[in-house]
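Participant: using only what follows, build the 3D model:
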Amino acid sequence: MKRYSVFAIAREAMRQHQGWEKAWASPAPKAQYDAIIIGAGGHGLATAYYLGRNFGITNVAILEKGWLGGGNTGRNTTIIRSNYLQDPSAALYEKARGLYENLSQELNYNVMFSPRGLLMLAQTHHEVRGYLRTVHANMLQGVETRWIEPAEVKQLVPIINIDGPRYPVLGALYQERGGTARHDAVAWGYARACSDMGMDIIQQCEVTAVRSKNGQVEGVETTKGYIGTKKLGIVVAGHSGQVAEMAGFRLPIEAVALQALVSEPIKPCMDVVVMANTVHGYMSQSDKGEMVIGGGTDGFNNFTQRGSFHHIEETLRALVETFPMISRLKMLRQWGGLWT
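Facilitator: This is a model prediction of the structure:
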């Protein structure tokens, strides 16, 4: 694999960019692998990558029923944070957040990690008490967060209305190293690294059955034929329960659609991530200028990836009070991603 660099760009510019290789190979599946990962999203590809990097296991296939990164990886709102109250959650997410700090250099692929800062607004007195408790918990966990007053919130987010009649801003839990990353680039970077290690990324290959004997996995039936393996990883987010059932065990996981949307692009107006959990709305501005907005979940179990108008209306009604300027924006697109 050729390394990406400013020198590579200059070299290719001199020869009309004719020397670029494909970022990852698209081979036909082999008959047998040491391990198979079901799901070629960010988590599935990362699982395969660290199997290779940390343990030297590279005879691996990553199977994806659609296209690489086309599931939840391509449908989230890109937020990265670790300001959780409970110790297990904080440890897990702080480890993940720390990996993002140097991920672009490690993968030689720009994942566009932007530690721009993340605010979780306290808009009720109950939230104030809860976030002050979280600050103390984070101090014990080694996670850097702090409580900020409304004046500093307004300084960080000039477009915010801190005196809303229904949802006034009473302060915020602030994590300065939280932020965003480009979700597609994360998947592409991991895919490129996995392919370079000799792993096979097989798209349009849906697993239809898991074959086992005496409690030991033997392989999987797919739309591209049978593939043998002794090790199987299920990394399919909201569909984990369905794939686990194929393997003969039950996962108590339920899936619902989490709603999101983006506005038309506008000039830069907000350079931090803001989460308003009272109304379950959160917003950041993308590099293209779009306001990326996340909303609530559907009130029933489903696997749809369509937008839900009543949730969009509910989320925007509250966010318009907190950010009055967005009332003048047009919605560009909306979608749903599976949340478990």
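Participant: give me the residues contacting the biggest helix by length in the chain.
Facilitator: With secondary structure taken from DSSP state H, the chain has its longest helix at helix 125-141. Identification of contacts with helix 125-141 by Cβ atoms under 8 Å, 6 or more residues apart in numbering yields 83-87, 90-91, 94, 120-122, 144-147, 170-173, 277-278. (Each C-beta comes from the backbone N, C-alpha and C, glycine too.)
Participant: among those residues, which are in strands?
Facilitator: Using DSSP state E, the subset of these located in strands is 120-122, 146-147, 171-173.
Participant: tell me which two of the residues you listed sit farthest apart.
Facilitator: Distance extremes for the ones in strands among the contacts of helix 125-141: the farthest pair is 121 and 146 at 14.5 Å, using Cβ to Cβ.
Participant: the two: which is more packed in?
Facilitator: residue 121 (28 against 14; other Cβ atoms under 10 Å).
Participant: let me see the contact set for the more buried one.
Facilitator: Residue 121 neighbours (Cβ under 8 Å, 6+ apart): 127, 153, 169, 171-172, 274-278, 322.
Participant: specify the beta-bridge partners of residue 180.
Facilitator: Going by DSSP bridges, residue 180 is paired in beta bridges with residue 79, residue 114.
Participant: what's the burial count for it?
Facilitator: 24.
Participant: wait, it sits on residue 284?
Facilitator: Yes. When contacts are counted by Cβ atoms under 8 Å, residue 180 is listed as touching residue 284 (5.7 Å).
Participant: now for the two: what residues contact both?
Facilitator: Jointly contacting residue 180 and residue 284 under the rule Cβ under 8 Å, 6+ apart are 78-79, 116, 273.
Participant: least confident pick among the residues you listed?
Facilitator: Here the lowest pLDDT out of the shared contacts of residue 180 and residue 284 sits on residue 78, with 88.
Participant: got a list of what that residue touches?
Facilitator: Contacts here follow Cβ under 8 Å, 6+ apart; on that basis residue 78 touches 180-183, 284, 286, 292.
Participant: the residues you listed in strands, which ones?
Facilitator: 180, 284, 292.
Participant: need the helices for the protein, in chain order.
Facilitator: 6-14, 42-55, 87-101, 103-107, 125-141, 150-156, 183-196, 240-246, 309-322.
Participant: and the shortest one, how far from the chain's centre?
Facilitator: So the one you mean is helix 103-107. Helix 103-107 sits 17 Å away from the centroid of its parent chain (Cα atoms, centre = their mean, to the nearest Å).
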